[in-house]
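# kindly return the folded structure for what I paste below:
(one chain, ligands or ions: 1)
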Amino acid sequence: MEHKLWGGRFTESTNPSLEKLNRSIDLDKRMFEEDIEGSKAYAKALNGIGLLTSTEVQAIHNGLEIVAKEWREGLFEIHQGDEDIHTANERRLKELIGSPATKLHVGRSRNDQVVTDMKLWLKSNLKRLDLHLRELISVIVSRASHEIEVMMPGYTHLQRAQPIRWSHYLLSHAWNLKNDSDRLEEILKHIDIMPLGSGALAGNPFNIDRVQLANSLNFEEITQNSMQAVSDRDFIAEFLFWASMLGIHLSRLAEDLIIYSSKEFEFITVDDSYSTGSSLMPQKRNPDSLELIRSIGGSLFGQCCSFMMVLKSLPSTYNKDLQSDKEAVFITFDKLTSILEVTSGTVKTLKVNQGRCKSALSFEMLATDVAYYLVRKGVPFRDAHCLAGQVVAEAEKKGVNICDLTLEELKEISSHFGVDIGKVWNYENSIEQYQAVGGTAKSSVLSQIRQLEAWFCKR
Ligand code: ARG
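The predicted model follows:
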């Protein structure tokens, strides 16, 4: 019977099928650095309360260094009985240094250890994710500033609505992504609260100095209730929701670009390096990159949803159900990293077809401007809207563009029409009306770019 760290009261070995189900080492070995970092700090704290001598702490440190090196170099041998990263590291440490290793776990439980490891892991890795996110924002902002002259139709309900700048469209995504980045900072504050020293559930019986422990692990705060601390996975749920929201933002961008890259639109061309072909139809160039981003956007929410269901109705404190947080977090982290990279690359390398964007603008998109023209002549908006509708209907009846109606024909609809209506038939003039903050006029788009650039410098 293989020795288990918790095996004292057991007379029979674990059934192999349960052993397989129970093992999380294949996933949580990713946290070996954090587990070792936590153990080093904990050993120091035990020294502070006289439960380990300085010589023992030194031996533990040296031993843990070797364990870390073995992991880093791919030399760590996982044994059959290594249930998770915590048991594996402790087992190996004991093999390396003998008796001091057996004193390390006093007052600690895997319950406070695992949640501490997760928080440490997220603290360093979420920053990496944020770098990918910021790279994407900067790709978008840079395109927006170079392509500010490109005009295109803006859509609602996927129907042509009003003329806009391509840059304004691009920046609409950048703003969502900036909000994602800001939101991540909030989540990081919740992660930055150290649970170590909570034991299995009741706390630490040796009055360990948790504040000093938190300082040595670079945590901003410490948890205030041990039972809450070992069961808290709110920060995991927050991360998974955050990732889902970001995934949804990326899927929206992807979906737009898929539509814009179709032959019917042809506003953009996805670069060869982010497209794939068909094994049957030689002419095909498929935007697989964008389709994968779109689908992964959905599956990230699947992870969030499934973990929320794990949390639902769990009784207080630690339950093994919580072990599934690793799978959700790591899958989410990896998928998000790869779609962020691919989104940046796809957006950076795509070609915008300025001519196609412009030729997709059509005069009926200026119907709102006809109404605003009348408003500027003193007509109340509801009446103006109705009159502009009549202009559209009249043009439709005659089979012409609204700009081709003669002044006489327009005057029959409203006496307020004058020769200056000619100025309305201009897409750029239309766009340039929207100068109020947040609009599509050039000055407003430039101000958005400045703000986003300032945001980059601030953080
Ligand atoms: N592998 C476990 C997890 O990830 C560690 C905690 C186990 N605690 C326990 N009492 N069985 O959740």
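# which is the next helix or strand following whichever helix in the chain runs longest?
When the chain is scanned for its longest helix (criterion: DSSP state H), the result is helix 110-146. If you walk from helix 110-146 toward the C-terminus, the next helix or strand you reach (DSSP states H and E) is strand 151-156.
# quick check: next helix or strand after that following strand?
Next helix or strand after strand 151-156 toward the C-terminus (DSSP H and E): strand 159-165.
# tell me the helices and strands packed up against that following strand.
Helices and strands touching strand 159-165, as assessed by 3 or more CB pairs under 8 Å, 6 or more residues apart in numbering; DSSP states H and E, comprise strand 151-156, helix 427-432. In short, each C-beta sits where N, CA and C put it, glycine included.
# helices or strands next to the longest helix of the chain in the packing?
helix 32-48, helix 85-97, helix 166-191, strand 193-194, helix 226-231, helix 234-261, helix 325-349, helix 442-458.
# and the residue in the stretch 201-350 of the chain that the ligand sits nearest to, how many residues sit next to it?
With CB to the nearest ligand atom, the shortest gap between the stretch 201-350 of the chain and the ligand falls at Gln323, namely 3.7 Å. The burial metric for Gln323, expressed as a neighbour count using other CB atoms under 10 Å, is 18.
# neighbouring contacts of the lowest-mean-pLDDT helix or strand in the chain?
For the chain, counting by mean pLDDT, DSSP states H and E, helix 16-22 ranks last in confidence among helices and strands (a mean of 90). Surrounding helix 16-22, the residues in contact under the criterion CB atoms under 8 Å, 6 or more residues apart in numbering are 14, 80, 83, 320.
# mind checking the SS state of Leu314?
coil (DSSP: H, G, I helix; E, B strand; the rest coil).
# how close does the residue nearest to it when sequence neighbours are not counted sit to Asn15?
Taking CB to CB, 6 or more residues apart in numbering as the measure, Leu314 lies nearest to Asp321, with 5.8 Å between them; neighbours along the chain are not counted. According to CB to CB, to the nearest Å, Asp321 and Asn15 sit 19 Å apart.
# of the two, who's got more company?
Per other CB under 10 Å, whichever of Asp321 and Asn15 has more neighbours is Asp321, with 16 against 10.
# separation between the more buried one and Asn225?
Using CB to CB, one obtains 20 Å as the distance from Asp321 to Asn225.
# who in the stretch 201-350 of the chain is up against the ligand?
Counting by CB under 6 Å from any ligand atom, the stretch 201-350 of the chain comes close to the ligand at 318, 320, 322-323.
# got those residues as CSV, with pLDDT and secondary structure columns?
Converted to CSV, these look like this (pLDDT from 0 to 100; DSSP: H, G, I helix; E, B strand; the rest coil):
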residue, pLDDT, secondary structure
Tyr318, 98, coil
Lys320, 97, helix
Leu322, 98, helix
Gln323, 98, helix
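# quick one: which of those residues is nearest to Leu126?
Leu322 (19.5 Å; CB to CB).
# got the contact list for the closest residue to the closest one other than its chain neighbours?
Counting by CB to CB, 6+ apart, the nearest residue to Leu322 once its immediate chain neighbours are dropped is Arg233, at 6.0 Å. Under the criterion of CB under 8 Å, 6+ apart, the contact partners of Arg233 comprise 115, 307, 311, 322, 325.
# any idea how far the spatially closest residue to the first one that is not a sequence neighbour is from Asp26?
So the one you mean is Val115. The shortest distance from Val115 to any non-neighbouring residue, by CB to CB, 6+ apart, is to Pro195 (4.8 Å). Distance, Pro195 to Asp26, using CB to CB: 24 Å.
# please identify which of these two sits among more neighbours.
More neighbours surround Pro195 than the other of Pro195 and Asp26, with 25 against 11 (other CB under 10 Å).
# now the more buried one: phi and psi?
In terms of degrees, to the nearest 10, the main-chain angles of Pro195 are phi -90, psi -10.
# that one: what's it in contact with?
112, 115-116, 119, 222-223, 229-230, 232.
# please apply the same query to Arg285.
Under the criterion of CB under 8 Å, 6+ apart, the contact partners of Arg285 comprise 270, 272, 275-277.
# and the contacts of the host helix or strand of Val67?
Mapping Val67 onto the secondary structure by DSSP H and E places it in helix 54-72. Among residues not part of helix 54-72, those counted as contacts by CB under 8 Å, 6+ apart are 29, 32-33, 36, 39-40, 43-44, 46-47, 52, 75-76, 89, 92-93, 96-97, 100-101, 103-104.
# sorry, back to before: farthest-apart pair in the contacts of helix 16-22, please.
Gln80 and Lys320 (19.5 Å).
# elements contacting the helix or strand containing Asp369?
Asp369 belongs to helix 367-376 when elements are defined using DSSP H and E. Contact partners of helix 367-376 among helices and strands, from 3+ CB pairs under 8 Å, 6+ apart: helix 381-398.
# next SSE downstream of the helix it packs on?
Later in the chain than helix 381-398, the nearest helix or strand by DSSP H and E is helix 407-413.
# flag every buried residue along that next one.
When neighbours are counted by 16 or more other CB atoms under 10 Å, the buried residues of helix 407-413 are found to be 410, 413.
# and that helix, what does it pack against?
Applying 3+ CB pairs under 8 Å, 6+ apart, one finds that helix 407-413 makes contact with helix 381-398.
# what's the average pLDDT for the helix it packs on?
The predicted model assigns helix 381-398 a mean pLDDT of 97.
# next, the angle helix 367-376 makes with that helix.
On the basis of axes from the mean of the first three to the mean of the last three CA atoms, to 10 degrees, helix 381-398 is oriented at 130 degrees to helix 367-376.
# before we move on, back to that, which of the contacts of Arg285 tops the neighbour count?
Neighbour counts for these, by other CB under 10 Å, peak at Val270, which reaches 23 neighbours.
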